[in-house]
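Participant: Sequence plus the predicted model coming up.
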Amino acid sequence: AQTVTQSQPEMSVQEAETVTLSCTYDTSESNYYLFWYKQPPSRQMILVIRQEAYKQQNATENRFSVNFQKAAKSFSLKISDSQLGDTAMYFCAFMYEGGGNKLTFGTGTQLKVEL
Amino acid sequence: NAGVTQTPKFRVLKTGQSMTLLCAQDMNHEYMYWYRQDPGMGLRLIHYSVGEGTTAKGEVPDGYNVSRLKKQNFLLGLESAAPSQTSVYFCASSYVRYGYTFGSGTRLTVV
């Protein structure tokens, strides 16, 4: 079974600063995908970034980037130039090929961006 | 706009009542899912479907049933609601492994 662990229930960051959210996972699969989802107060689940395990290059989407350490099974999210609109719950998630492409989620990190 | 539509958005049930949550997607996705979200527990998979006419159990299936009679629709049923089923329910669909498109969620309260 796959597990995803987010050890930081809450974090805060000053506007315009950089923050890193941690995520570790456990799997015996070799072909898999990792995701970060954002859930603002509106409750909508929004895909932030996606990483294929076979790619060594870390994914980047504008101010969002990941540090993917496959051997350590670590997948952290870095948010640069934090904005008030980044305030949200962030979920790390894992999917492996086959088995219905099910997503396994971590318990989430509540990020608050402060003035 | 294309996407995943969930109805209703809010519902209050009495213990023992039944209800059906409807999920509809217009992206021609094969895969559809029902999750529940509880504080401190993330999202947990209830049931899923890999195509029309198929369903399978997820992590927390007890007390729920599902049907996928049409490719675009995935129904989640509660036959006899219990307070433990108070939660926010999310439907999602996906095209293979490109991540999910989520609905906006249904907040269900069982009293």
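Facilitator: Nice, I can see it.
Participant: Could you report the pLDDT at residue 28?
Facilitator: With no chain named, the answer covers chain A. As predicted, residue A:28 sits at a pLDDT of 91.
Participant: try chain B instead
Facilitator: Residue B:28 is given a pLDDT of 92.
Participant: Could you do residue B:97 as well?
Facilitator: 62.
Participant: ok, now which ones touch the nearest residue to residue A:111 once chain neighbours are set aside?
Facilitator: Nearest residue to residue A:111 in three dimensions, chain neighbours excluded: residue A:11, at 5.2 Å (C-beta to C-beta, 6 or more residues apart in numbering or on different chains). To be clear about C-beta, it is placed using only N, CA and C from the backbone, and glycine gets the same treatment. Listed by C-beta atoms under 8 Å, 6 or more residues apart in numbering or on different chains, the contact set of residue A:11 reads A:19, A:21, A:109-112.
Participant: For ChimeraX, write the selection for the buried entries among those.
Facilitator: In ChimeraX syntax, the buried subset of those is picked out as below (16 or more other C-beta atoms under 10 Å in any protein chain shown):
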select /A:19,21,109,111
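Participant: How is the residue nearest to residue A:111 assigned, secondary-structure-wise?
Facilitator: At residue A:11, secondary structure determined by DSSP: H, G, I helix; E, B strand; the rest coil is strand.
Participant: Filter the contacts of residue A:11 down to the ones in strands?
Facilitator: Members of these lying in strands (criterion: DSSP state E): A:19, A:21, A:109-112.
Participant: Show me what the lowest-mean-pLDDT helix or strand in chain B is packed against.
Facilitator: Lowest mean confidence among the helices and strands of chain B (mean pLDDT, DSSP states H and E): strand B:100-102, at a mean of 93. Where contact means 3 or more C-beta pairs under 8 Å, 6 or more residues apart in numbering or on different chains; DSSP states H and E, strand B:100-102 is packed against strand B:87-94.
Participant: May I see the buried residues of the strand it packs on?
Facilitator: Result for strand B:87-94 [16+ other C-beta under 10 Å]: buried residues B:87, B:89-94.
Participant: What residues does chain B have near chain A?
Facilitator: Proximity of chain B to chain A is confined to B:31, B:33, B:35, B:40-45, B:48, B:50, B:56, B:58, B:88, B:90, B:92, B:94, B:96-100, B:102, B:104-105 under the rule C-beta under 8 Å from any C-beta of the partner chain.
Participant: Tell me which of these fall in strands.
Facilitator: B:31, B:33, B:35, B:42-45, B:48, B:56, B:88, B:90, B:92, B:94, B:100, B:102.
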